[in-house]
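Undergrad: Fold the following, please.
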Amino acid sequence: MRAIPLTVTALAAALALTACDDGNAGTSGKNSTACEVGKVSVQVGSASVAPAAGDTGEVPVSITNQSAPCTLDGFAGVTLKAGGTSATLATLSGAKSEKLKLAKGDSATFSISYVRGKDGDKASLAATSVTVSLPGSDATESFPWKYGPVAGKTSADKPNATVGAFQQAGD
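TA: Sure, this is the predicted structure:
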């Protein structure tokens, strides 16, 4: 008979533990271990620039962790801006994200692929800046876009550009 009260007590203790607050109240939708702009350094460039309209270019983006270990789980958010127009880039078709854990000093990279548009063409986005956010965080950082206009798939606000998956950099 004594086994039943112990089982009930153990079950009640387990339920109480699962109901405990993890201290992250108010971080709805955010991953507390996610790498964040501001705690990692972000660098854009040395690009393989598309020299002429219709050519494809690659712009590498490097992330180096400057603080406590963090995780990259998903794809970076990338937005191109030109005046009052902004366009969020889609992920590269078929790309698969890999969960990467970055210790302090570790780095990862991803690439922005784009098709160069014609100067002055209404269907091209004459981008002047690129804004980057990391998965699980709302923090962003903007950089100058120095790689020419980006061709639109159907219009300037739908650029022919994509974001690749994160890859571990270094050793």
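
Undergrad: give the contact list for residue 164.
TA: Residues in contact with residue 164, defined by Cβ atoms under 8 Å, 6 or more residues apart in numbering, are 91, 92, 95, 110, 111, 112, 113. Using the backbone N, CA and C atoms, a C-beta is placed for each residue, glycine as well.

Undergrad: how many neighbours does the third one have?
TA: To tie it back to what came earlier, the one meant is residue 95. One way to gauge burial is a neighbour count; for residue 95, by other Cβ atoms under 10 Å, it gives 16.

Undergrad: is it true that it touches residue 166?
TA: No. Checked against Cβ atoms under 8 Å, the pair residue 95 and residue 166 is beyond contact range at 9.8 Å.

Undergrad: anything in contact with each of the two?
TA: residue 75.

Undergrad: so how many other residues sit close to residue 122?
TA: Going by other Cβ under 10 Å, the residues that sit close to residue 122 add up to 9.

Undergrad: Three-state assignment for the nearest residue to it once chain neighbours are set aside, please.
TA: Sequence neighbours aside, residue 156 is the residue nearest to residue 122 in space, at 6.6 Å (criterion: Cβ to Cβ, 6 or more residues apart in numbering). The assignment at residue 156 comes out as coil when based on DSSP: H, G, I helix; E, B strand; the rest coil.

Undergrad: I'd assumed residue 118 was in contact with residue 156.
TA: No. With contacts counted by Cβ under 8 Å, residue 156 stays clear of residue 118, the gap being 11.3 Å.

Undergrad: Give me the common contacts of the two.
TA: By Cβ under 8 Å, 6+ apart, residue 156 and residue 118 have these common neighbours: residue 124.

Undergrad: quick one: which of those two has more around it?
TA: Looking at residue 156 and residue 118 with other Cβ under 10 Å, you find the greater number of neighbours at residue 156, namely 22 against 14.

Undergrad: From residue 69, how far out is that one?
TA: Separation of residue 156 from residue 69 (Cβ to Cβ, to the nearest Å) stands at 40 Å.

Undergrad: How much space separates residue 37 from residue 51?
TA: Relative to residue 51, residue 37 is positioned 31 Å away (Cβ to Cβ).

Undergrad: Compare those two (neighbour count), which wins?
TA: Just comparing residue 37 and residue 51: by other Cβ under 10 Å the higher neighbour count belongs to residue 37, 18 against 9.

Undergrad: Mind pulling up the pLDDT for the more buried one?
TA: Reading off the per-residue confidence, residue 37 sits at a pLDDT of 94.

Undergrad: Excluding residues flanking it in the chain, which one is nearest residue 158?
TA: Beyond its immediate neighbours in the sequence, the residue positioned closest to residue 158 (Cβ to Cβ, 6+ apart) is residue 152, lying 5.5 Å away.
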